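In: sequence unavailable; structure follows:
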C-alpha cells in the first residue's frame, strides 16, 4: 500500500542513521564497523521508503541488492552510480559482531559514507 507518511518516517530514520555515520570517530572507542553499519542502515531505510511509496511489500531483511531488485521491478531506474551500495550489505550483519572478517579501516568507512549520502539524497528526490 502506498503510504507517503510512512515513507517519510522511513526516510527520517535513514537520515538519522546517515547523521550518525557522518559523526565519525569522535572518540577512539567508536569502531569504523559501527559507522559503516549506520551507513548501511541509511541506505536500507531509504530504499524501504521508496518501496513503501511504490506500494512494494518487502521482507525484513538487510539485503541492499534485494531491495534494489524489488524497486527495479516497478521500472524505477536506479542510477549506476548507486549500484555500489549493494556492497554495504556486509556491514549489516557480518561486521557487527566479533568474527572473521577484514577489519574496517578509515578508507572503507569514508567510501561507505559517500555511497550512503548519494543514495539518501537520491531517495529523497524520488520521494519529493
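Out: Perfect, I can see it now. Quick caveat, the model's predicted, so the values are computed rather than measured.
In: what segments of this structure are helices?
Out: 4-23, 32-53, 64-72, 106-127 (DSSP state H).
In: could you give the number of residues near residue 100?
Out: 5 (other C-beta atoms under 10 Å). All C-beta atoms are positioned from the backbone trio N, CA, C, and that covers glycine.
In: please report how far it lies from residue 91.
Out: According to C-beta to C-beta, to the nearest Å, residue 100 and residue 91 sit 15 Å apart.
In: and what of residue 32?
Out: Distance of residue 32 to residue 91, given as C-beta to C-beta: 10 Å.
In: now residue 99
Out: The gap separating residue 99 from residue 91 is 13 Å, by C-beta to C-beta.
In: neighbour count: those two, which is higher?
Out: residue 91 (29 against 8).
In: give me the pLDDT value at the more buried one.
Out: Turning to residue 91, the model gives it a pLDDT of 95.
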